[in-house]
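**Q** pasting a predicted model and its sequence here:
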Amino acid sequence: MRQTHKIPELIDPTALYTTNGQEAWRVLGIMAEFAAATTRLRGIRPAVSLFGSARIKPEHPYYAATRRIARLLSDAGFSVISGGGPGLMRAANEGAQAGSSPAVGLNIALPFEQSANEFQDVSVEFRYFFTRKMMFARFASAYVILPGGFGTLDELGEVLTLVQTGKSRRIPIILVGASFWRGLLAWMEDRLVAEGMIDATDMQLMQVIDDPEAIVEAIFAFYDSKGFVPTREEREKMLNL
């Protein structure tokens, strides 16, 4: 006799009749987090978002380089946004706070690694990762991507996807550390471009610059003819991320 297999129920039917409203309240909490963060960060433009490892110690060359980049950006008039934690996030806030523009930290509670650093002029606390990631994108006039792990790669992939798909305006995406990024960029050329996963022109969304002064110059050069104020079309894109 042929045995039949019943597909398991994928939706709990009792969930349709629950009245505790827990999920609805969570959605309201997310909305409140968006609103509070947007209000808190309203005056920080123009800003540059810096991403990098939480595990780098102050004596590492990456730390000194990050601090120098952030100081130059701050003195040039950019608020510097980091994840607010230790490592290169701390270096970014430390350098920015020593300059003339605000050091901004977008903090989130994690089981390990994340603890708020002491170099934040503007500090925002997040419970939800995706709310925090949107704020990195929404207020940035440029991204500076320093060496890092899974979180940094996630943030790099996020900003590349937003720009590539036209969901975000085109802004500079600068990778710092040529020797660190060389293997990944070669793999992108050899696999993603060669196998048609991305267009060859998509590689031009990124540039590799190690010299701190050249990073600042590259950002200013990008905006030389258009200015830092987003157009109406660009503002509409940012509202619909």
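**A** Cool, the structure landed.
**Q** just the CA atoms of stretch 128-139, as CSV, please.
**A** Output in CSV follows, covering the C-alpha atoms of stretch 128-139 (Å, rounded to 0.1, in the frame of the first residue of the first chain):
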residue,chain,number,x,y,z
TYR,A,128,17.2,46.5,16.1
PHE,A,129,20.1,46.0,13.7
PHE,A,130,18.2,47.0,10.5
THR,A,131,17.1,50.3,12.1
ARG,A,132,20.8,51.1,12.9
LYS,A,133,22.0,50.1,9.4
MET,A,134,19.4,52.4,7.8
MET,A,135,20.8,55.3,9.8
PHE,A,136,24.3,54.6,8.6
ALA,A,137,23.0,54.9,5.0
ARG,A,138,20.5,57.6,5.4
PHE,A,139,22.8,60.3,6.8
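**Q** show me what counts as buried in that stretch.
**A** Under the neighbour-count criterion of 16 or more other Cβ atoms under 10 Å, stretch 128-139 has T131, R132, K133, M134, M135, F136, A137, R138, F139 buried. The way it works is simple: take the backbone N, C-alpha and C, and place the C-beta from them, glycine included.
**Q** just send those back as TSV, with pLDDT, distance to L153 and secondary structure too.
**A** Below are these laid out as TSV (pLDDT from 0 to 100; distance: Cβ to Cβ, whole Å; DSSP: H, G, I helix; E, B strand; the rest coil):
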residue	pLDDT	distance to L153	secondary structure
T131	90	20	helix
R132	92	16	helix
K133	91	13	helix
M134	90	18	helix
M135	93	19	helix
F136	94	14	helix
A137	92	16	helix
R138	91	21	helix
F139	93	21	coil
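**Q** which of the residues you listed sits closest to S101?
**A** F139 (13.0 Å; Cβ to Cβ).
**Q** quick one: residues contacting that closest one.
**A** Residues near F139 by Cβ atoms under 8 Å, 6 or more residues apart in numbering: L41, I44, R45, A47, S49, S79, I81.
**Q** which residues in this structure form strands?
**A** 47-51, 79-82, 103-108, 122-126, 142-145, 173-175, 206-208 (DSSP state E).
**Q** pick the most buried one from these.
**A** With neighbours defined by mean count of other Cβ atoms under 10 Å, none of the strands of the chain is more surrounded on average than strand 79-82, at a mean of 30.
**Q** for the chain, just list every one of the helices.
**A** 22-41, 61-75, 88-98, 129-138, 150-164, 178-187, 212-223, 232-239 (DSSP state H).
**Q** of those, which is nearest S115?
**A** Closest among those, using Cβ to Cβ: helix 88-98, at 9.6 Å.
**Q** let's test this: mean pLDDT of the closest one, rounded?
**A** The predicted model assigns helix 88-98 a mean pLDDT of 98.
**Q** ok, now stretch 230-241?
**A** 71.
**Q** show me where pLDDT drops low in the chain?
**A** The model of the chain has pLDDT under 70 over residues 1-21, 111-114, 237-241.
**Q** follow-up on the earlier one: switch the strands of the chain over to a markdown table; also include distance to R191.
**A** What follows is the strands of the chain, written out as a markdown table (distance: least, Cβ to Cβ, whole Å):
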| stretch | distance to R191 |
| --- | --- |
| strand 47-51 | 23 |
| strand 79-82 | 31 |
| strand 103-108 | 32 |
| strand 122-126 | 34 |
| strand 142-145 | 20 |
| strand 173-175 | 18 |
| strand 206-208 | 16 |
